[in-house]
Structure formats: structure tokens, C-alpha cells
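1. Below: sequence and its predicted model.
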Amino acid sequence: MRDTKGIIIDVRGSLCPKPVIETKKVTDTNPSEVVTTIVDNEVSRDNVEKFGKSRGYGVTIEQEGKDFYLTMVPNQVSVDAFDAENLQIPGANIGNRVMLMTKDYLGEGSEELGRNLMKTFWTCMVEADIKPSKIYFINSAVNMVINDSVHLDNLKQLADAGVEIAACGICLDYYNVKDQVGVGSITNLYAITDSIVGENLVKL
């Protein structure tokens, strides 16, 4: 095996956003250390490189076979105009954005794919540096806040971080899950409308 420098993060076999998330965890706790992340696909290589540069690291990339070794040296370059939101993932500061979740899958097209994407989305949101101030759930999205939801642990972490989470009561009644809410509060459409008007709204 080749000579690697500093702390080694071997995420070969993992797809994004995991390589970026694991790199972020290590750099957050060891900001002055040289870190080498090993990945085995180009998407992860590009995203880890973008992450490193966005945090002010000097990033060098070496390839050995199908593996990429990204060595990040702290304070080698100044943080440029790169927008961290361009990462596939964006600690726990609360921004001024309000999110309105309208369904329990992400995007249009295949709902099966959309549900898998939603799992990754909430994992990324937990790791995001800036989190939304409020997340409202309406229509089928309310199924994400109930006790047997695959998203419950991530949503609880967001709530613990200070994000206000609330689900529409009428929608919970419609899906007959009002007594199964596992995170956040129950609200009404008037309160949701009143809150989102004039806010920096993201609708998904």
C-alpha cells in the first residue's frame, strides 16, 4: 500500500454523501491535522475535493488503480468563493430558512428512488453546518414523523439541534397516524401559512 499522510479515512466502497460526511467529521474534530481520504469513484473524489477546498485546505489528489487518495493540508489555501451549498451535503447553526415538505419522497419520477433519496437527504441535513429554522410536514410527508418512520432518528437529531418540526393535524388525521407522531408538534394549516408567508421558503 502507498505511503499516506496524517489521519486516514478509508471510505472505499461508499457512495456520496458518506465520504464527505466522514471527512467532515474528522476535519471538524482535528482541524489542524493533515487528512487523507481514500475513495474509489470519481463522484466521491470530486465532492471530497470541493469540500476540502471550501474549508480552506490545500487538496492534492493521487490515483492508484481505481483508488483516489485526497490529501488535505490545513491552511494551505484561502477559502474561495465556492458555495458550500454546491456540495451534495451542505455543526449546528440555525439559519433563517423554512422548509415545507409536501410528500414522503424526494423529486418527481420514481417514488422508490425518491424515498431512497429522502433517506440520504435527511442524513445530509443532520450533518449540515447551517440548518433550517423550521420544517413543516403536510400531505404524505407527515408519514415521516411517525414512530415507525425510517427518518425518525434523523428528524429527532434535527429537533435536538434546535430545528422546529411540526406536522399538519388534518393530514395526520387523513392518514390515520395522529396518535403515532414520534417527533415535533402537531400544527394547523393556518399556522403553517402564517409562518411561511414572507419567509425564505424551500418547498420539497
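-> Thanks, I have it.

2. Please, which helix or strand holds the spatially most central residue of the chain?
-> Nearest to the centroid of the C-alpha atoms of the chain, with distances taken as CA atoms, centre = their mean, sits residue 124, at 1.3 Å. When elements are defined using DSSP states H and E, residue 124 is found to belong to helix 111-127.

3. Run through who's touching that helix.
-> For helix 111-127, the surrounding residues in contact (CB atoms under 8 Å, 6 or more residues apart in numbering) are 17, 21, 24-25, 88-90, 104-108, 131-132, 144, 150-151, 154-155, 157-158, 161. All C-beta atoms are positioned from the backbone trio N, CA, C, and that covers glycine.

4. Among the residues you listed, the buried ones, what's the ChimeraX command?
-> Selection of the buried residues among the contacts of helix 111-127 in ChimeraX, burial being defined by 16 or more other CB atoms under 10 Å:
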select :17,21,24,88,89,90,104,105,106,131,132,144,151,154,155,157,158
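
5. Quick check: which helices or strands does the lowest-mean-pLDDT helix or strand in the chain pack against?
-> Among the helices and strands of the chain, strand 93-94 carries the lowest confidence by mean pLDDT, DSSP states H and E, at a mean of 70. Packed against strand 93-94 by the contact rule (3 or more CB pairs under 8 Å, 6 or more residues apart in numbering; DSSP states H and E) you find strand 130-131.

6. what sits up against the strand it packs on?
-> 90, 92, 93, 94, 95, 125, 158, 161, 162, 163.

7. which neighbours does that strand have in its sheet, and in what orientation?
-> Strand 130-131 has the following sheet partners, assigned by DSSP bridges: strand 93-94 (parallel).

8. ok, and what's touching the strand it pairs with?
-> Counting by CB under 8 Å, 6+ apart, 129, 130, 131, 132, 133, 161, 162, 163 sit against strand 93-94.

9. following that strand, which helix or strand shows up next?
-> Counting by DSSP H and E, the element after strand 93-94 in chain order, helix or strand, is strand 97-101.

10. That next one pairs with which strands?
-> Using DSSP bridges, the strands paired with strand 97-101 are strand 134-137 (parallel), strand 200-203 (parallel).

11. Tell me which residues are up against the first one.
-> Just to be clear, that refers to strand 134-137. Strand 134-137 is contacted by residues 98-101, 144-145, 155, 158, 163-168, 171, 184, 187, 192, 195-196 when judged by CB under 8 Å, 6+ apart.

12. Alpha carbons of the one helix or strand residue 167 maps to, in CSV - could you do that?
-> Taking DSSP H and E as the criterion, the element that holds residue 167 is strand 164-168. Extracted in CSV, the C-alpha atoms of strand 164-168 (Å, rounded to 0.1, in the frame of the first residue of the first chain):
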residue,chain,number,x,y,z
GLU,A,164,-38.7,23.4,14.9
ILE,A,165,-40.6,20.4,13.4
ALA,A,166,-44.3,20.4,13.0
ALA,A,167,-46.9,18.3,11.1
CYS,A,168,-50.3,19.3,9.8
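
13. Pull out the buried residues from the following helix or strand past that strand.
-> Stepping forward along the backbone from strand 164-168, the first helix or strand reached (DSSP H and E) is helix 169-174. Judged by neighbour count using 16+ other CB under 10 Å, the buried positions of helix 169-174 are 169, 171, 172.
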